Structures are given as C-alpha cells and as structure tokens.
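*Asks:* Give the three-dimensional model of this entry:
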Amino acid sequence: MSARDEILARMRRALEGASEAPPVPREYRRSLDAEVDVVAMLIDRLVDYKANVHHGLDAITEALGGAVRVAVPADLPAEWRRGSAEFVEDRGLTTEELDGVDAVLTGCAAAVAVSGTIMLDAGAAQGRRALTLVPDHHVVVVRRDQIRGHLAEALPRLDPTAPQTWISGPSATSDIELQRVEGVHGPRRLDVVLLEAPE
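*Replies:* Residues are numbered from 1 along each chain as shown. From the prediction side, this is the model:
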C-alpha cells in the first residue's frame, strides 16, 4: 500500500458514521446597501491604514506638504497641478530620477470602500507602475464616481490587460516580532485627495 493510499484509508475510517457536511453558502454580497455611505467607509479604512485624507482640489497643495519637485504622469490634468512645486512629467524618468523627487501626484482607476483599496491600471492620469512605487510620497486623487463598495463592483472599471497596482495605505510590512516597517515595497507616505464630484 502506498503512503497516499494509507492516508486516504485512515481518513475514510475516521469519517465513518460522520454526518453529512453542511452546504457551503455560495451567495456573496456584491454591493453594499444603498444607505451605506461609501465615501465615509473609504475614509475610515484609509485613516485606519495611516493614510492622510484631504478634500477638494485646493487640498492638493496641502497634501503635497511642501514638496519642491513632484513627478506626474504626462497626461495629469492641468488643474491638479497646484502650488509652487515644480511638476516633472514622467516621460521615461529613470529610477534614480524618480527616487530624487519629493512626491508623485496621480489619479486612479477605482477605489474600494470595504477594503480601503485604491486601484491603478496605468490609465488616464495614473502613469506607469514605477512612477507610483519608487517615490517615497504618493498623492493620489480619487473622484467620488470612482468609489465602489465592493471589489466586484470596482473590477469592471479596470483594464484587465494592463499592469495594476492596488494600494491599501502606505507600504508596510511586519517582521516575525510584528515590528511594523513602512516604505519597504513602495511609498511610506500616502495622501488621498477626494473630489466629491468630477472636477
């Protein structure tokens, strides 16, 4: 008898006389109840993840926090370029050049309220992945119409053929002693600017 057969025989003996396993529910909620405020829920999750949340276009300057050089996607809307910073368009910036900027400012494709996740798919105003992962400070603009309650509602907004970055707070990890370390896999500071209506 092989080891596999022996293990299966033991399992069969152990289960003899056992009751039928209960059915596993397969109905999953794909949306939140209409009365749930997805914006408030997203803010709650973002704050829990230690992201800073701001409101309105005028808050972009505050979110940039005195950054002198800010990398941006070439197609970033002009009205988002606020403050006295020098906005450096990413037209193939090297890793060293991206590491040398004070912050990056982008848009996003979608945001999921339940998980506090911001999703980028290299679409309009988002730039390439390196742009959002190399600089130490990421400021991302999220429009109200991009916020969805559940992941299943947000996925259709993404380009499935494009590289994606999903962000749930500043980059962080914990070692075996649960010591939290930020900035290991991406920006250690995340600022989110919420626009209540498309601007």
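*Asks:* what's Arg189 in contact with, if anything?
*Replies:* Asn52, Asp136, His137, His138, Pro170 (CB atoms under 8 Å, 6 or more residues apart in numbering). Heads up, the C-betas are built off the backbone N, CA and C, glycines and all.
*Asks:* Widest-spaced pair of those residues?
*Replies:* Greatest spatial distance among the contacts of Arg189 (CB to CB): Asn52 and Asp136, at 14.0 Å.
*Asks:* if we can go back for a sec, relative to Asp191, which of the contacts of Arg189 is nearest.
*Replies:* Using CB to CB, Asn52 comes nearest to Asp191 of these, at 4.5 Å.
*Asks:* quick one, phi/psi of the nearest residue to Ile118 once chain neighbours are set aside?
*Replies:* Distances taken as CB to CB, 6 or more residues apart in numbering place Ile167 nearest to Ile118, at 4.5 Å, with adjacent residues excluded. Backbone torsions of Ile167, given as degrees, to the nearest 10, read phi -120, psi 120.
*Asks:* So what's the residue count around Ile167?
*Replies:* 24 (other CB atoms under 10 Å).
*Asks:* That one against Asp191, yeah?
*Replies:* No - in this structure Ile167 lies outside contact range of Asp191 using CB atoms under 8 Å: 11.6 Å.
*Asks:* mind checking which helix or strand of this protein has the lowest mean pLDDT?
*Replies:* Lowest on mean pLDDT, DSSP states H and E among the helices and strands of the chain sits strand 180-182, with a mean of 63.
*Asks:* Check the offset of the following helix or strand past it from the chain's centre.
*Replies:* Following strand 180-182 in sequence order, the next helix or strand is strand 189-195 (DSSP states H and E). Going by CA atoms, centre = their mean, to the nearest Å, the spacing between the C-alpha centre of strand 189-195 and its chain's C-alpha centre is 11 Å.
*Asks:* ok, strand 189-195: who's next to it in the sheet?
*Replies:* Strand 189-195 has its sheet partners listed here by DSSP bridges as strand 52-55 (parallel), strand 137-143 (parallel).
*Asks:* Please identify the most buried of these.
*Replies:* Of all the strands paired with strand 189-195, strand 137-143 has the most neighbours on average by mean count of other CB atoms under 10 Å, namely a mean of 24.
*Asks:* Let me see the mean pLDDT of it.
*Replies:* Mean pLDDT, strand 137-143: 96.
*Asks:* what does stretch 153-165 give?
*Replies:* Here the average pLDDT along stretch 153-165 is 94.
*Asks:* Please list the residues outside it that contact it.
*Replies:* Counting by CB under 8 Å, 6+ apart, 30-31, 109-112, 117, 119-123, 128-129, 132-133, 146, 148 sit against stretch 153-165.
*Asks:* just the buried members of those residues?
*Replies:* Taking 16 or more other CB atoms under 10 Å as the criterion, what is buried in the contacts of stretch 153-165 is 109-112, 117, 119-123, 128-129, 132-133, 146, 148.
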